[in-house]
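Peer 1: Let's see this in three dimensions:
(one chain, ligands or ions: 1)
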Amino acid sequence: REVRVGVYANEPKILLGQDGQLSGILGEVLGEIARQENWRLIPVPCDWQACLELTQNGSIDLLPDVAFSAERALHLDFHRQPSLYSWSQLYSREGAKLKSILDLEDRRIAVLAGSIQQDYLQTLLDSFGLHAQLIPVHSLAEGFELVANQQADTAVANQRFGDYQAPGYQLRGTPIMFQPAQLFYATRKGANADLLAGIDRHLREWQDSPSSYYYQTLQRWGGERPRLLVPSEAWWGLAVLAGLLLTALAGAVVLRRQVDEKTRHLKASEQHLNTILDSVEAYIYIKDPELRYQYANRKVCELFGLPLAQVVGQTDERFFDAATAANLHDNDRRVLLLGERVETEEVNRSPDGSLEQTYLSVKLPLRHPDGRIYALCGISTDISEHKKNLEQIHRLAFYDLLTGLPNRRLLLDRLQHALAQHGRNQLDGALLFIDLDNFKDLNDTLGHDMGDRLLQQVAQRLGSHVREEDTLARLGGDEFVLMLEGLHPQHPEAIAQIETVASKLIQVLAEPYALQGRNHTSTASIGIALFSEARGTVDELLKRADLAMYEAKAAGRNTLRFFNPQMQAEVSARANLENDLRQSLAERQFVLHYQPQVDAQGQLLGAEALVRWQHPSRGLVAPGEFIPLAESTGLILPLGRWILHSACQQLVAWAADAEREQLTLAVNVSARQFHHRDFVDDVFAVLDETGANPQRLELELTESHLVQDVETMIVKMGLLKARGVRFALDDFGTGYSSLSYLKRLPLNQLKIDRSFVRDLLSDPNDAAIVRTIVALGGSLDLQVIAEGVETRAQRDSLLRLGCQRFQGYLFGKPEAAQRLEQWSLPAGA
Ligand SMILES: Nc1nc2c(ncn2[C@@H]2O[C@H](COP(=O)(O)O[C@H]3[C@@H](O)[C@H](n4cnc5c(=O)[nH]c(N)nc54)O[C@@H]3COP(=O)(O)O)[C@@H](O)[C@H]2O)c(=O)[nH]1
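Peer 2: As a prediction, the model looks like this:
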């Protein structure tokens, strides 16, 4: 029978001899079997992979040296008695340091393509989690060649080939062995059963006899007999043991790898966590029970200006001032000792106190599994900017920007609380309404900048004279309010306390102010209302203090007034009057009365126009009752224009009468009216409108006009004087006109105040004053007229003192124009 046998180079197991016949252990054993069975062996040279394929497709009848595997058994048949026992082993160059399978990481391993070792080795590497490069070769010799040429680090070969061939390549076996294998002759599936049976028969017979052809062949090719003498069961036991060892080793390695993996994982997680902690905009730290830093993220290290290694182990005393460190420790101890979760604002100052930041800190205890606290973790967020913004908003909402004092809103809020408190503790409190006198004039003349500076200085002065617990606020403009609390429970003592404070304030506010290098004098009026009298409402209290302040103004300014019910009644009446006054202007309820002015012979020189209010229900109201109100409300401007217009119409009427065309008419002009910027134009307009002779018009000013802006006053008087208008200085002697002013004012007449005339006969001082005024008029070339002359004795006395002109009830009361036109000298004059 012809038997085609696959031959590939795998010395000493199988090779093609130089004679073209099968050689090697398996070649010669098969040759002897063939000889005895009368088979003619035909060698078919092929490389391993090709041999396998040729066997599977039946081109080769027998292929020696095939390890059994379940997969191969699908395509090939095997005899039963193994033809040879072997294992795989790695071979490498000298000094390659391959001691265990673990050393194969990243190595290049030459392995027979399609061999069972290739699959096994790959599985082995995978199970150890190793990465190695498997280089497929077509023959074991090629693998050894690659290793010898350093194109591979190691090569896999069956132990028989390896031990036999390695020295020729200057390679040596490594301790890495695997896959003990039983080798067979294989044939195509379902074919050549007779061949397999014959092989089994001979092998069984030979392997039981150490002197058989089989063992002789083995020895000839350098084989080891004892291995073959080991019983098959023991061999399998060893194989199982090797497998277990391998599994245990693999398990250990897997465990080590898992530990390594876990360690790597932990390190990666830690790094990951650090990256996160370092990238957040918060300060994160861990402190141990001794309050030493154990961890600090990037922000904390940057804040401290130190690397982490130098922060660890330090306490807060190193980084903050003593007060800050103490506060931080208090908070930390609540966490560490009491186990509290602390959420609080912390203001941290640098050791020298130069840097102050506010943080919102959350601090948590870190616990062992049994609950014991071993550290605290803190997360602090810098809220300084946020706080500043809030403070700024608060400042804008509750404080006056110019003076920095609380504004109206904050005052009302505190007042509300104070009144509620007062209801409980019965201690009295008071509200002082402080208003600067004539502040508007400063603003108008020196400008708002100067006004602002004055207000700032006023705020400073007030602030330095009040207690910390009192609230000083600016309501707006020149209005300040001081709220005093905790006053004496006894009314008289409380009043005395308040009076002391208010008087002091009036005094300090009256001291000169330096404005643009010039001294400026200002005073203030203060109105005071008591909590206990305000019926508990903020509005009422403010209103009362405000009313009292107006009383202080009315009382001559630079003084203080307490609110009282009488004052309230007067104020209410005043409010009603103001309403009526506005209405009366529209309804033309005013009339002018005229009071005669005469010379020494009793001849009529002219008259003074005096306004009366023809009130629909109250009858004729005297000007003393409504002129001050008209002045304070500004109604004097339209009213004054009406008076001027009516007076000029009267002059025009007299001008048409030859007997009266020489009469002059004196008209009172209030300070507010005169100082109005349009006053001169208004007078000119009235003169133009009515056609009155300016030379018959005499404007009566009082010395109070001279208190403010005399220069402008002189200019205005000059303009009017140029048109022919005359001027008289009313109430002369009661004010404080200086001689220099008198000389510069373009006056025509001085009017001796009636208070000097009244006591002229009884008070020698008044006589002296009258004589001086008459002399002054003479020297300044001014006419002098005495008002309030009620008796002949007064008239005679005045005449003796040199006064030539008179006005008073002796000659006639202020009456309607018709009465003046019928006027005649009093009997006996
Ligand atoms: N701006 C304006 N003010 C005016 C005007 N009319 C009046 N007034 C101011 O009111 C003050 C009070 O005026 P009246 O009540 O009219 O009193 C005047 C006379 O009636 C009074 N008088 C005159 N003779 C006597 C007298 O012999 N005895 C006495 N007891 N009183 C007398 O004097 C007032 C006139 O004073 P004067 O103006 O100072 O000359 C008044 O003082 C004005 O300020 C107005 O139109 N505009």
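Peer 1: for the residue nearest to Glu343 when sequence neighbours are not counted, helix, strand, or coil?
Peer 2: For Glu343, ignoring the flanking residues on the chain, the nearest one in space by Cβ to Cβ, 6 or more residues apart in numbering is Val362 at 5.0 Å. All C-beta spots, glycine's among them, are computed from the backbone N, C-alpha and C. Here Val362 is recorded as strand under DSSP: H, G, I helix; E, B strand; the rest coil.
Peer 1: again with the one 3 residues further on
Peer 2: Three-state assignment for Pro365 (three-state DSSP): strand.
Peer 1: so it touches Leu337, yeah?
Peer 2: No. Checked against Cβ atoms under 8 Å, the pair Pro365 and Leu337 is beyond contact range at 9.4 Å.
Peer 1: ok, those two, which is more surrounded?
Peer 2: Counted by other Cβ atoms under 10 Å, Pro365 and Leu337 do not tie: Pro365 has more neighbours, with 20 against 11.
Peer 1: For the ligand, see how far away that one is.
Peer 2: Using Cβ to the nearest ligand atom, to the nearest Å, we find Pro365 at a distance of 83 Å from the ligand.
Peer 1: Okay, strands next: where are they in the stretch 1-150 of the chain?
Peer 2: Taking DSSP state E, counting those that start in this stretch, the strands of the stretch 1-150 of the chain run over residues 2-7, 15-16, 22-23, 40-45, 63-67, 76-78, 84-93, 108-112, 133-137.
Peer 1: helices or strands up against the first one?
Peer 2: To tie it back to what came earlier, the one meant is strand 2-7. Packing partners of strand 2-7 (3 or more Cβ pairs under 8 Å, 6 or more residues apart in numbering; DSSP states H and E): helix 24-37, strand 40-45, helix 48-56, strand 63-67.
Peer 1: So which residues make contact with the shortest one?
Peer 2: Outside strand 63-67, the residues within contact range by Cβ atoms under 8 Å, 6 or more residues apart in numbering are 5-7, 10, 13-14, 26-27, 30, 51-52, 54-55, 72, 76, 78, 83-84, 86, 116, 179, 181-187.
Peer 1: let's see it at 6 Å
Peer 2: With contact meaning Cβ atoms under 6 Å, 6 or more residues apart in numbering, strand 63-67 is reached by 6, 10, 13-14, 26, 51, 55, 116, 181, 183-186.
Peer 1: residue boundaries of the strands in the stretch 301-450 of the chain?
Peer 2: Using DSSP E, counting those that start in this stretch, the strands assigned to the stretch 301-450 of the chain run over residues 342-349, 356-367, 373-382, 428-436.
Peer 1: follow-up on the earlier one: of the contacts of strand 63-67, closest to Leu405?
Peer 2: Closest approach between the contacts of strand 63-67 and Leu405, by Cβ to Cβ: Ile116, at 99.3 Å.
Peer 1: residues contacting the closest one?
Peer 2: Neighbouring residues of Ile116 by Cβ under 6 Å, 6+ apart: 67, 69.
Peer 1: confidence score at it?
Peer 2: Note on Ile116: pLDDT of 79.
Peer 1: ok, it to the ligand distance?
Peer 2: Here Ile116 is placed at a distance of 132 Å from the ligand (Cβ to the nearest ligand atom).
Peer 1: Tyr809 now?
Peer 2: 4 Å.
Peer 1: now do Arg696
Peer 2: Per Cβ to the nearest ligand atom, Arg696 is found 17 Å from the ligand.
Peer 1: I figured that residue hits Thr664, correct?
Peer 2: Yes. In this structure, Arg696 is within contact of Thr664 by Cβ atoms under 6 Å, at 5.1 Å.
Peer 1: Which one's more surrounded, these two?
Peer 2: More crowded of Arg696 and Thr664, by other Cβ under 10 Å: Arg696, with 23 against 20.
Peer 1: Show the contacting residues for that one.
Peer 2: Listed by Cβ under 6 Å, 6+ apart, the contact set of Arg696 reads 651, 664.
Peer 1: If we use 7 Å, what do you get?
Peer 2: Counting by Cβ atoms under 7 Å, 6 or more residues apart in numbering, Arg696 makes contact with 651, 663-665.
Peer 1: Next step: these restricted to strands.
Peer 2: Residues of the contacts of Arg696 located in strands (DSSP state E): 664-665.
Peer 1: Distance to Tyr293 and pLDDT for the contacts of Arg696 - can I get that in CSV?
Peer 2: Formatted as CSV, the contacts of Arg696 follow (distance: Cβ to Cβ, whole Å; pLDDT from 0 to 100):
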residue, distance to Tyr293, pLDDT
Leu651, 98, 97
Leu663, 102, 95
Thr664, 98, 97
Leu665, 96, 98
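Peer 1: Out of the contacts of Arg696, flag the one nearest to the ligand.
Peer 2: Relative to the ligand, the closest of the contacts of Arg696 is Leu665; by Cβ to the nearest ligand atom it sits at 11.1 Å.
Peer 1: Tell me if I'm right that that closest one and Ala607 touch.
Peer 2: Yes. Contact criterion Cβ atoms under 7 Å: Leu665 and Ala607 qualify, at 5.9 Å.
Peer 1: who has more neighbours, these two?
Peer 2: Ala607 (29 against 21).
Peer 1: Next, the contact list for the more buried one, please.
Peer 2: By Cβ under 7 Å, 6+ apart, the residues touching Ala607 are 594-597, 663, 665, 820.
Peer 1: Report the entries of those residues that also contact the ligand.
Peer 2: Counting by Cβ under 6 Å from any ligand atom, Gln595 from the contacts of Ala607 sit close to the ligand.
Peer 1: Go through the contacts of Ala607 and flag which are in helices.
Peer 2: Residues of these located in helices (DSSP state H): Leu820.
Peer 1: In the contacts of Ala607, find the pair that's most separated.
Peer 2: Using Cβ to Cβ, these span at most 12.5 Å, a distance reached by Gln595 and Leu663.
Peer 1: Output the below-cut-off pLDDT ranges for the stretch 1-150 of the chain.
Peer 2: Along the stretch 1-150 of the chain, no part satisfies pLDDT under 70.
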